[in-house]
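No letters, just coordinates:
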DNA sequence: AGTGAAACGACCGTAGA
DNA sequence: TCTACGGTCGTTTCACT
């Protein structure tokens, strides 16, 4: 039995510790000044700015506002597993176009697509499921996981 | 191991159009200057600054750096549905403490907990499942949904 | 890739409608 | 809650290492 030649992955950039430190600073506060970050990581202000620019331009990182659904009156969140027929990419696009859908991923496994939805109420969730999601062509079945408590947030993830 | 800060007031203020517009600006670019935002939404720099401060202090919004796992060499992502016995909150805490786990939510439905994981390779995913996740007390069974394509991102969600 | 310095622009506190 | 304004600090550009 021969070993399978493992294709060297197009590993983008082996981030050095300084860039990791910069990212950590900006994960704590995306508006922290370059000068302040520079002090923390031991670099000049201009150097920090250059690195941040590269990191954002290359798509490694972006600095954005993220909102809390609960604070905006969307008390009901859920993950919905979807089984679909036909081209699942087309189904995923239609799902992504829905207002209440904030997350769509094509998966391998018992579900073809996972979507996260954000609703104001149970009623909205019900009509979303019935009138919108199940109405999409090639959606075969759905399974809903209503959120009880968010324990760890997606965008808090860092560079490990 | 980061717990999501709970909102102080379960009293969601209905955002006016100006604040929504400000949030949209910052969702496009979290570092956009207050002056520039002011021009776009028709407000003075100081007024924008005050509103942004309120929005962040009240937890409605936060401005942070978010990173792209793929760009950092984490080519394998998955959602894992977990069935657990005992106090699922305790299990969820232990899951959230894992390095490779970037998202944890307690749910009602066929799974008790959903976690999203970020791995460098299939091998890492396998050992994560076997050595880490299934090793946690009261984890009864798991079901894995390997990501094929991320279609819509969580933090792009706005104010509807 | 990094520093330093000077001009410019953004940010912050405070005062006042 | 907003505008106005002055002091301070951050950002930008550039010349240089």
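Right, received. Where do you want to start? No experiment lies behind these values; they were computed from the predicted model shown.

can you tell me which strand in chain A is longest?
Of all segments of type strand in chain A, defined using DSSP state E, the longest is strand A:139-152.

Show me the shaky parts of chain A.
For chain A, applying pLDDT under 70 flags the ranges A:1-13.

what does the longest strand of chain A contact?
Outside strand A:139-152, the residues within contact range by C-beta atoms under 8 Å, 6 or more residues apart in numbering or on different chains are A:76-85, A:91, A:111, A:125, A:129, A:133-134, B:1-4, B:81, B:89, B:92-93, B:95-96, B:101-111, B:114. All C-beta atoms are positioned from the backbone trio N, CA, C, and that covers glycine.

Now the buried members of these.
Buried members of the contacts of strand A:139-152, counted by 16 or more other C-beta atoms under 10 Å in any protein chain shown: A:76-84, A:91, A:111, A:125, A:129, A:133, B:4, B:81, B:92-93, B:95-96, B:101-107, B:109, B:111, B:114.

from those, which ones fall inside strands?
A:76-84, B:81, B:101-107, B:114.

Quick one: distance of stretch A:78-92 to the chain centre.
Centre-to-centre, stretch A:78-92 and its host chain are 17 Å apart (C-alpha atoms, centre = their mean, to the nearest Å).

Stretch A:101-113 too?
With C-alpha atoms, centre = their mean as the basis, stretch A:101-113 stands 13 Å off its chain's centre.

Is that stretch positioned near chain B?
Yes: Stretch A:101-113 is in contact with chain B by C-beta under 8 Å from any C-beta of the partner chain, via A:101, A:102, A:103, A:104, A:105, A:106, A:107, A:108, A:109, A:110, A:111.

Please work out which residues outside that stretch touch it.
With C-beta under 8 Å, 6+ apart as the test, stretch A:101-113 has contacts from A:81-84, A:88-89, A:91-92, A:95-96, A:114-118, A:143, B:78-79, B:143-154, B:156-157.

Other residues contacting stretch A:42-49?
Contacts to stretch A:42-49, defined as C-beta under 8 Å, 6+ apart, come from residues A:18, A:22, A:33, A:34, A:35, A:37, A:38, A:41, A:51.

top of the residues you listed by neighbour count?
Using other C-beta atoms under 10 Å in any protein chain shown as the neighbour test, these are led by residue A:22, with 27 neighbours.
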